Every structure is written in C-alpha cells, then in structure tokens.
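**Student:** Below are the sequence and a predicted model; questions follow.
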Amino acid sequence: MDEILYRIIKGRVSSRHLERIIGKSLYSGIVNYQQYSSDIEIDYAELLLRTLDRNAIFNGLFQEFLINNVLNEYQIAELSTILHIVSDGDFISRKRILEKSKKRIGQALINLLLLPIDKYAYVDSVDSVVAEEVLICPDPSRFLSLHDYQKRIKDEIIKNLIEIPDSRMLVHMPTGSGKTKTCIEAVVDFVRTRPFEEGFVIWFAHSNELCMQAYSNLIDIWKVKGDSPLPVFKMFGDNDALEDILHYKKAVLFVGFQKFMSLQRSSKEHHLNIRTHLSTNTQLVIIDEAHKSLAETYKSAINYVSTMPNCRVIGLTATPGRSSDISDPSNTILSDFFKNKLIGVTDDNGCYLPNSLEYLQEHKFLAKIDHRPIEVDLSGFSDVELKKIAISGELEQSHIDKIVESPLRNKIIVDEIDRALQDENRNLILVFACNVNHCILLQKLLEFQNINSEVVLAETPSQLRSKYISDFKSGNLKVLINFGVLTTGFDAPRLKTLIIARHTNSMILYSQMIGRALRGPKNGGNEVNHVIDLVDNISSLGNPQFLFTYWEEFWGKNFCHSHLNA
C-alpha cells in the first residue's frame, strides 16, 4: 500500500465510496463478519488501497472518487494543465478530466501527487518481448534418477516413439507423481536418438508456470545426461519467438499456447518464416495438461506443428478426460485424438495398476490424504435458486457473491486456518478461494486475527508472485491464498494443509486442487497431508481416487494391460 496515497484519502472514504469501488460482495463480506468480531475496526482508506493495490491509480471508479471527492480546486486546475484541458470552472474541469482515458488520467495523477513512478507505471496488456535462448551443455558432475514406476513409464514412451514414427499417446499419472520429470526424461532420450541436425521438440502448455517447470527440468536433466550442446528456446510469458530458431533444425522449444496463437495470426514475414520452419521440422510435440487439447485454439496449434508424417504427439495429464459428464462425446474424441493409447502406472511386473494412487501412497511416493469435509448450511438461497443450480450444475455471479459474503462460512475458514497454524503437522496452508474478492476478503479477515498471509492472483505482478510462492515453499510464509492460479504448475512439497473454499462441479479442476497436497516423502513431501473441504448445501464432490479413475472406460482395452509386454 502506498503511504502517500493513503495519507491523501484517509478520512475521505465513506462506506458508500468503498462499496461502489471495491464491489458489494467484498464490502458486505467484511461488514457481515463484524457480528463474529465486534472489536474489528475497518480503515476504509487502507482497505480500499489494499484491494486495488498497484492498479488503484488507473482504476476508473477510484479516479472518479479522487477527482470528485478528494482533490481541491487548485489541484484540479493543475491536473487540467497537465492534461491540456482549458479550465472552465471547477465542476466543468472535473467533468472534462474524467472524459480522458484511464491511462492518461492515471499518469497525470502520478505527476500531480508525486507518486512513485516505478510502483504505478502503467502496464499494457500486451507482453513485452524478451529475447532468450539457452544453449545447454552437459554437466557430468551431477546425477538425477527416476523412481522405478517413472522409469517404466518413460521406457514405454520411448518404445512407442521409436517403433511408431507417427505415434500418439496420453501419459496418465497422478498429480505429484512426477509427470513432468518423467516426460522430460523421455524427451532427453528421444533427442539423443536423433541425428545432430534433425528434429524440433515443442512442449506446449497453457500457463507460464507449467512452461517454466518443464523448461527448468530439461536444463537440469540435459546437464547430466545430454551428449552434445542443445539449443533451448522459451516462447512464453515475456519471451517471444526468435528468428534465431531459423538457424537450427534440432532444438527444444517451450511454448505457451497464447504465444503460438499470436505467431499463427501474425502477418509479419519473420513470424511466417518461424512457423513454417517449425511445421516442417518438428518431430515431437508434447501437450501438458492434455485434457485441454481439444479446445479449438489449442488443437489448431497442435495440428499446425504436427502435420509432418514422422511427427509424434504425447499428451500429459493427471485427468485423462475432457468432461466429467459420462455421456459427453468429447471424452471419446479425446481418446481418439491420442489413438486410444493411454500409458499409466504399472507395478514391478509391468502389470497395469487399476488403483495407482493407492499404490503410490502405500510406497510413499504420494502423501496419504486426511480428507475432512465441513458441511456448511448456507442461508439466503431460495428454493427456486437451489433448483436452478441443481439443474444447471453452475453458479451464477449472484450466487457466488452470496457465498463470498457469508460470515458463517468465512468464520469457518478463518478458524480452520488459525487451528492449523497451531499444529506443526498442519501449519503450511494453501487456500483456494471462491473468486478474487474472496481472496482479498480472507486476507483482511486473517489480518484482523493477526495472521499474516499473501494472495496470488492472475494479475499479481510476476516478481511478487515468485516471491510469495518462494516464501511459501521455504516455510517463511505460512498461509497462501489464491484463485484460479495455483491449480497447475505449482509445486510446494512442504505443503501440509489444503483448504478448498471454492465451489466447482468440474472433476478435472477438483482433482487438480487435491493434487497440490499429494507430494509424498519419497518426492520431498509429507506422509500425510490434510485437506479441508467446504461442502456447501448446494453441491458435493467425490474423493481423490474416484476422480483419478473416472475416465478409464474411454480408453478401452489398451489401458487394461501392460504395454511393456504388448
């Protein structure tokens, strides 16, 4: 929170202003909670700035509040000058200022109020371009190994890649069992079989975290097991496509789907040259979180680079289904897309394990889950609303707002966090909140209890996000709250307690959340982790093992025996 801005608005923010700017659900959630903590004193100015964070000065409603309720006539006159507006009376000037773009008003306010430019610099929605290429050289002084079950999966992948030039397969492993590392090991083996000047490998993922996780794995493993220098490119986040790719016929690229979509749509000549080069030289495509691969944008990218006759395709997922609806034809379409070839966990004899989650937990690769559902009887929902939710299986925004505002539900979450912090076996806590407002609300309610926490959102600046996650992984931060960010690509082996405080009817999303707590002792985690699941009286979901095996029938006989012995 910026102290300069805080001093300017302190004492000027009313409850009406606060509710209008931050939204009714967040405001009501805090006010309603006062019935449980009557000694809570709400500093409206502090809460407003904490909620808006670095976006405050570019928020249209906040700008309107400043201009109409805070700045005096002399400041308005100076602001008009900065914006090249001819002053024509105090009221008219304020009106004309608000007609300018939010970006121009924000930059003028930074100038007027002498705010720190580095903190409030306007961030365009388009990623900046940072050129990056790494040439990895082998480092024989280091050694990394696979668990036996991982090696069996890796060997089966390689067997298919070598024997079938246009092979397609889906690798199905529970979250926390080392999907990325296992597949990267297979990539390393495959690349080593290629002639020195032959073949691109493209690793697709839908998030920067997933791309970075795979990229880091490849660098670590190639340094140990590589047999020659290997060019590796990033094309995700701030990293754009490089013309240097044209100089190579053998390289590995880690690509965000959004970046590749931009490359496909571009009419620039060098972008055309790059995508043509990739489409004619790619020999292996890997799709992380492959259950998403039927989305039109993703499918278009995959098909574009896998058109050559000798191109192989590997999907990687913990949830080998497109939909939790058993009758949804997209599940069958997904299995067809990967030629009905599903590779799963096998035992020491190479026999497929129908209950691989249990096997990996018993052998301490994955943590056992102490799953404790807490039933919450939410009031405020009419019979008509409950019937509508039951039929559609979806919550409308007004329904989510009611859940976020519920003081009873929020008191349960805060109390559970407080209790977990008192227990050394449970005191590293990840929370999945209902929405962005719920994240901010929970952080504020925890602050009332003198509990420190941080929030990670999609719009959280990358440096802050990295810091919060790093602090959480090291144990310096005990409570991390998020919405829609840390379901995939987030690896925190020391996590002890998971609180699922959001509603979902998606088996895939639910299993991904549960998966954050599955890292076991042999993978740097705990023997037992704790999952607290808020089960509202409008929905319920199954257990982790049910979720993991839900889609098996779509993969037919290929998944009912060991491919190693086929």
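**Tutor:** Here it is on my side, so go on. These numbers come from a predicted model, not from an experiment.
**Student:** all helices for the stretch 201-350 of the chain, in order.
**Tutor:** 208-225, 257-265, 269-281, 296-305, 330-337 (DSSP state H, counting those that start in this stretch).
**Student:** So which of the ones you listed has the densest surroundings on average?
**Tutor:** helix 208-225 (a mean of 20; mean count of other Cβ atoms under 10 Å). (C-beta placed from N, C-alpha, C; glycine too.)
**Student:** Need the residue closest to the centroid of this protein.
**Tutor:** Residue closest to the mean C-alpha point of the chain, counted by Cα atoms, centre = their mean, is residue 485 at 3.0 Å.
**Student:** quick one, phi/psi of it?
**Tutor:** phi -120, psi -40 (degrees, to the nearest 10).
**Student:** Spatially nearest residue to it, not counting backbone neighbours?
**Tutor:** Distances taken as Cβ to Cβ, 6 or more residues apart in numbering place residue 456 nearest to residue 485, at 5.2 Å, with adjacent residues excluded.
**Student:** What is the neighbour count of the one you found?
**Tutor:** By other Cβ atoms under 10 Å, 22 other residues sit near residue 456.
**Student:** List the contacts of it.
**Tutor:** Residue 456 makes contact with 465, 468-469, 480-482, 485-486, according to Cβ atoms under 8 Å, 6 or more residues apart in numbering.
**Student:** between the residues you listed, which has the most around it?
**Tutor:** So for the contacts of residue 456 (other Cβ under 10 Å), the most neighbours sit at residue 481, 27 neighbours.
**Student:** That residue: what secondary structure?
**Tutor:** Here residue 481 is recorded as strand under DSSP: H, G, I helix; E, B strand; the rest coil.
**Student:** Checking the residue nearest to it when sequence neighbours are not counted next. Helix, strand or coil?
**Tutor:** Among residues not flanking residue 481 along the chain, residue 431 sits closest, at 4.4 Å (Cβ to Cβ, 6+ apart). The local conformation at residue 431, judged by three-state DSSP, is strand.
**Student:** Double-check residue 431 against residue 485; I have them as touching.
**Tutor:** No: assessed by Cβ atoms under 8 Å, residue 431 is found out of contact with residue 485, at 11.8 Å.
**Student:** and residue 163, how far is that from residue 339?
**Tutor:** The spacing between residue 163 and residue 339, counted by Cβ to Cβ, to the nearest Å, is 13 Å.
**Student:** one step back: for the residue nearest to residue 481, the count of nearby residues, please.
**Tutor:** With other Cβ under 10 Å as criterion, residue 431 counts 27.
**Student:** for it, which residues make a bridge with it?
**Tutor:** Taking DSSP bridges as the rule, residue 431 bridges to residue 481, residue 499.
**Student:** could you list every residue that touches it?
**Tutor:** Applying Cβ under 8 Å, 6+ apart, the residues near residue 431 are 413, 417, 442, 479-482, 499, 501.
**Student:** now these in CSV, with distance to residue 307?
**Tutor:** Below are the contacts of residue 431 laid out as CSV (distance: Cβ to Cβ, whole Å):
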residue, distance to residue 307
413, 50
417, 51
442, 48
479, 48
480, 42
481, 44
482, 38
499, 45
501, 45
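**Student:** Pick the one among those closest to residue 48.
**Tutor:** Residue 48 lies nearest to residue 442 out of the contacts of residue 431, by Cβ to Cβ, at 17.2 Å.
**Student:** secondary structure class for the closest one?
**Tutor:** With three-state DSSP as the basis, residue 442 sits in helix.
**Student:** Name all residues that make contact with it.
**Tutor:** 410, 413-414, 431, 433, 453, 481, 501.
**Student:** ok, now with 6 Å
**Tutor:** 433, 481 (Cβ atoms under 6 Å, 6 or more residues apart in numbering).
**Student:** go on, the one 3 residues further on?
**Tutor:** Listed by Cβ under 6 Å, 6+ apart, the contact partners of residue 445 are 33, 410, 414.
**Student:** give me the element it is part of.
**Tutor:** helix 436-448 (DSSP states H and E).
**Student:** Relative to the helix or strand just after that helix, what are the paired strands and their orientations?
**Tutor:** Sequence-wise, the next helix or strand downstream of helix 436-448 (DSSP H and E) is strand 454-456. Under the criterion DSSP bridges, strand 454-456 sits next to strand 479-482 (parallel) in its sheet.
**Student:** So what touches the strand it pairs with?
**Tutor:** Contacts to strand 479-482, defined as Cβ under 6 Å, 6+ apart, come from residues 429-431, 433, 439, 442-443, 453-456, 472.
**Student:** and if we set it to 7 Å?
**Tutor:** Strand 479-482 has contacts (Cβ atoms under 7 Å, 6 or more residues apart in numbering) with 417, 429-433, 439, 442-443, 446, 451, 453-456, 468, 472.
**Student:** got it, and stretch 269-284?
**Tutor:** With Cβ under 7 Å, 6+ apart as the criterion, stretch 269-284 contacts 190, 194, 199-202, 241, 243, 245-246, 249, 263-264, 304-308, 310-312.
**Student:** and if we set it to 8 Å?
**Tutor:** For stretch 269-284, the external contacting residues (Cβ under 8 Å, 6+ apart) are 161, 187, 190, 194, 198-202, 241-243, 245-246, 249, 253, 263-264, 266, 304-308, 310-314.
**Student:** What is the burial count for residue 189?
**Tutor:** Residues near residue 189, counting by other Cβ under 10 Å: 17.
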